[in-house]
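Engineer: okay, predicted coordinates and the sequence, questions at the end:
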Amino acid sequence: MALLALALAVCVHSSVAQKNQGLIKHYGLIFGTAYGPDDSPLYGVKVVIHPAGQKHPSWELVSDHRGEFAQRVPPGPGDYVITGQAEITLTDPTSHHTQKKRVKAETKVHIEAEERQDVSLHLTS
């Protein structure tokens, strides 16, 4: 009796797995970290990702407290342009004056298939 229950459970699991197979989404992943001019991770960077050759952004993100961002993209092959921009506040240690400065960066990434590509954005003025 236990053997029959085990066989039935395996058949049901196999049937459910086959039905869910169509629900699995295939994608590539762009994972990045934005760094400020002092090479420390930068929070709040506006990140725009678009396929190479297109001007309109496909995705707009904001980096988290570790400077990280991630975006799923269609499985490759495909080339993407990633731009980042932020406004940072610089403080002069001697005079204690603050100054706002706009920093930006751009990089490209190639997704060959269902894979993860890690990128770095080093923002400068």
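Structural biologist: That came through, no problem. Worth saying up front: this structure is predicted, and the values here are computed from it rather than measured.
Engineer: for the rest of this, base every contact and every neighbour count on C-alpha atoms.
Structural biologist: Will do.
Engineer: where are the low-confidence patches of this protein?
Structural biologist: Applying pLDDT under 70 to the chain flags the ranges 1-22.
Engineer: could you pull out the helices for it?
Structural biologist: In the chain, the helices defined using DSSP state H lie at 2-21.
Engineer: can you pull the contacts of the spatially most central residue of the chain?
Structural biologist: Centroid-nearest residue in the chain: A70, 1.7 Å away (criterion: CA atoms, centre = their mean). Going by CA atoms under 8 Å, 6 or more residues apart in numbering, A70 touches L29, I30, F31, G32.
Engineer: so how do I select the buried members of those residues in ChimeraX?
Structural biologist: To isolate in ChimeraX the members of those that are buried, counting by 16 or more other CA atoms under 10 Å, one can use:
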select :29,30,32
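Engineer: from the contacts of A70, pick the one nearest G53.
Structural biologist: Closest approach between the contacts of A70 and G53, by CA to CA: I30, at 17.8 Å.
Engineer: could you dump the contacts of A70 to TSV with distance to K104?
Structural biologist: Formatted as TSV, the contacts of A70 follow (distance: CA to CA, whole Å):
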residue	distance to K104
L29	22
I30	19
F31	18
G32	15
